[in-house]
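S.K.: Fold the following and give me the result.
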Amino acid sequence: MKYIKKGAEPESLTHHRCKSHADYDNYDKKDDLRNALLMEQGHICCYCMQRIKIRKMKIEHWKPQADFKSLQLNYKNLLGACLGGKGQPLHLQHCDTGKGKELITINPTDKNCETFIKFSSSGEIYSDNENVDRDIDKTLNLNMQTIKKNREAALDEALELLRKEHPGRWTKDILNREIRRWSSRQRAYKPYCQIVVLYLKKRLARCV
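M.R.: Numbers count the residues shown, from 1 in each chain. From the prediction side, this is the model:
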C-alpha cells in the first residue's frame with residue numbers, strides 16, 4: 001500500500017453533486033472520475049499496487065457507500081482499485097471486492113499510512129498494529145498467494161537489476177537514487193513499488 005495524495009476532483013463530479021437528487025448511481029461521467037483516480041494513483045491499485053487501467057478497475061468507496069450515503073460523491077472518499085477477483089470464490093477475492101461493506105482502519109489517503117506497513121522479502125505484507133494487520137491480511141486479503149508472489153517477483157527483479165548495474169557495494173548515493181526512481185510517479189508508478197522502496201530504505205539505514 002502506498003500513500004495517495006488526493007488532488008482536484010473532476011469538474012463533472014462537482015457539477016453533478018450540485019444537482020437535485022444527485023447520487024453515485026446517476027453520475028453518468030464516471031470515466032472522468034476513473035481518469036482522475038488513475039492519474040493521482042499512478043495507475044496502481046489503492047490497496048495491492050498492481051497495475052490498473054480504465055477498463056479494468058473499480059471505483060472504491062473507502063467508507064462503504066451503503067452505510068455512508070453522504071460520502072458517496074465525496075472525492076476524498078473515492079479511490080481506484082483493481083477488480084479484486086470479482087466473481088471468483090471468496091478466498092480469491094481481495095482489495096475492494098474482498099472488503100465489501102467492511103469499514104477498515106488503514107486509509108491510503110492518510111499521510112501516515114505507509115508507517116503502518118511492512119513487507120518481508122518473500123512478499124508478505126503485515127503490520128505491527130493489530131487492527132491494520134487484520135485489515136490488510138483478512139479484510140483486504142493482501143497476502144493471497146498470487147499477490148504475495150507478484151510482490152516477491154517485483155522485489156527480486158528490482159534487486160537483480162541493481163546487482164547487474166552495481167555489482168559492488170551499494171553506496172548511499174546508489175540506494176538513494178534507486179529509492180527516488182521507485183518512488184517517482186511521472187505518469188505511472190511501477191507495480192508493487194512500495195515493497196522495493198521499503199527494502200531499499202532498510203538497506204540505506206544499515207549503511208555506515
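S.K.: Contacts for stretch 104-117, please.
M.R.: Under the criterion Cβ atoms under 8 Å, 6 or more residues apart in numbering, residues 1-6, 46-47, 62, 76, 79, 125, 127-129, 131-132, 135-136, 139-140, 194, 198 lie in contact with stretch 104-117. Every C-beta, even on glycine, is put in place using the N, C-alpha and C of the backbone.
S.K.: What's the ChimeraX syntax to select whichever of these are buried?
M.R.: Of these, the buried ones go into a single ChimeraX selection, burial set by 16 or more other Cβ atoms under 10 Å:
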select :1,2,4,6,46,47,62,79,125,127,132,135,136,139,140,194,198
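S.K.: Looking at the contacts of stretch 104-117, which are in helices?
M.R.: Under the assignment DSSP state H, those contribute 131-132, 194, 198 to helices.
S.K.: Turn those into TSV, including pLDDT.
M.R.: Rendered in TSV, the data for the ones in helices among the contacts of stretch 104-117 read as follows (pLDDT from 0 to 100):
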residue	pLDDT
N131	97
V132	97
Q194	97
L198	96
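S.K.: List just the nearest of these to T14.
M.R.: In terms of Cβ to Cβ, no member of the ones in helices among the contacts of stretch 104-117 lies closer to T14 than Q194, at 31.0 Å.
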